[in-house]
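K.L.:
give me a 3D structure for the following:
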Amino acid sequence: MRKIAIIGAGNMGGAIARGILGGKLSGEYEVRLSNPSAGKLERIKAEFPSAVTTVSNVEAVVGADIVILAVKPWLVKQVIDEISTSIDVEEVTIVSLAAGISVDDICDMFDNSLQAAYSVARAMPNTAIAVGESMTFVCGDRAAKYKIDELNMIFGSMGHSAVIAERMMGGAMALCSCGIAYAMRYVRAATEGAVELGLYPDAAKEYIFQTIRGAVALLESTGANPEVEIDKVTTPGGVTIKGLNAMERNGFTTAVIEGLKASSR
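P.N.:
The predicted structure is shown next:
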């Protein structure tokens, strides 16, 4: 059984551990999870007794085939310094979830004499990985294709995953990792508008959820450009076109585009 070590049991690391242990790959990988404090580890261990938990990063990575660095960007170098002499450099795949740190940056954090031996990749999930619905991106030209394919399969089991060029990671992060917050902001705004129109907030949220599900289902089933489906509900002089035009007058499309551009930098 192949072994995955996850360094960090926070929101993302814990969600990945739960996604593997309780998802489509349950039983196919041994999951080792390390965290400096025991509380989060104990909760995961209670849910999934097969998880191997430890407060020692070194203990977690010994013999691991894949090491996922689910720590804040400023901690990546510290963790690499700690574990670099305890991993099999010829076999292990190092996967960083840290935004803004490139594959070359990660390689530079290892001993120069060993850099060429390391397989290094990046992955960028979003928080929906906690419910098995993440849109995750994987990249890394410092890892063999079969290793990237394995990572794509692992993350794909917790939603959807795509392998992209590293130069696209900033845009992909803005669209999907940051983008999940933007989608939730729309839900909040729509809920507030619904309350002003006289609907109860809890009911309004359910109505919005189903409307979004329906929009996604239509686009997925037809493969149509969104404008095609929009045209079907925008009759001349109708309320939908009035609403769309009011949103555009208030900068809807521009706000979305500018938000994506700002968060990709």
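K.L.:
determine the longest strand present in this structure.
P.N.:
strand 134-142 (DSSP state E).
K.L.:
partner strands of it and their direction?
P.N.:
When sheet partners are counted by DSSP bridges, strand 134-142 sits next to strand 119-124 (antiparallel), strand 159-163 (parallel).
K.L.:
now that strand: buried residues?
P.N.:
In terms of neighbour count (16 or more other Cβ atoms under 10 Å), strand 134-142 has its buried residues at 134-140, 142. From N, CA and C alone the C-beta is placed, and that goes for glycine too.
K.L.:
between those, which is nearest E196?
P.N.:
Nearest to E196 among these: M135, at 31.8 Å, using Cβ to Cβ.
K.L.:
right, and that closest one touches F155 too?
P.N.:
No - when contacts are counted by Cβ atoms under 8 Å, M135 is not listed as touching F155 (9.5 Å).
K.L.:
pull up the overlap in contacts between these two.
P.N.:
125, 161 (Cβ atoms under 8 Å, 6 or more residues apart in numbering).
K.L.:
surely T54 touches V31?
P.N.:
No - checked against Cβ under 8 Å, the pair T54 and V31 is beyond contact range at 11.7 Å.
K.L.:
between the two, who's got more neighbours?
P.N.:
V31 (24 against 15; other Cβ atoms under 10 Å).
K.L.:
make sure the more buried one is indeed in a strand.
P.N.:
Yes - V31 forms part of a strand when assessed by DSSP: H, G, I helix; E, B strand; the rest coil.
K.L.:
beta partners for it?
P.N.:
I4.
K.L.:
how far away is it from N225?
P.N.:
V31 is 41 Å from N225, where distance means Cβ to Cβ, to the nearest Å.
K.L.:
what do you get for E192?
P.N.:
Per Cβ to Cβ, E192 is found 29 Å from N225.
K.L.:
now N250: phi and psi?
P.N.:
phi -100, psi 10 (degrees, to the nearest 10).
K.L.:
can you report how many residues neighbour it?
P.N.:
N250 has 9 neighbours, counted by other Cβ under 10 Å.
K.L.:
what's near enough to touch V92?
P.N.:
With Cβ under 8 Å, 6+ apart, V92 has these contacts: 61, 64-67, 118-119.
K.L.:
count the neighbours of V67 for me.
P.N.:
Using other Cβ under 10 Å, V67 is surrounded by 24 other residues.
K.L.:
next: G19.
P.N.:
Around G19 there are 24 residues (other Cβ under 10 Å).
K.L.:
how far away is the closest residue to it other than its chain neighbours from E133?
P.N.:
In space, G19 comes closest to M158 once its chain neighbours are excluded; the distance is 3.9 Å by Cβ to Cβ, 6 or more residues apart in numbering. Plainly put, M158 is 8 Å away from E133 if you go by Cβ to Cβ.
K.L.:
those two: which has the busier surroundings?
P.N.:
Set M158 next to E133 and count neighbours by other Cβ under 10 Å: M158 wins out with 25 against 13.
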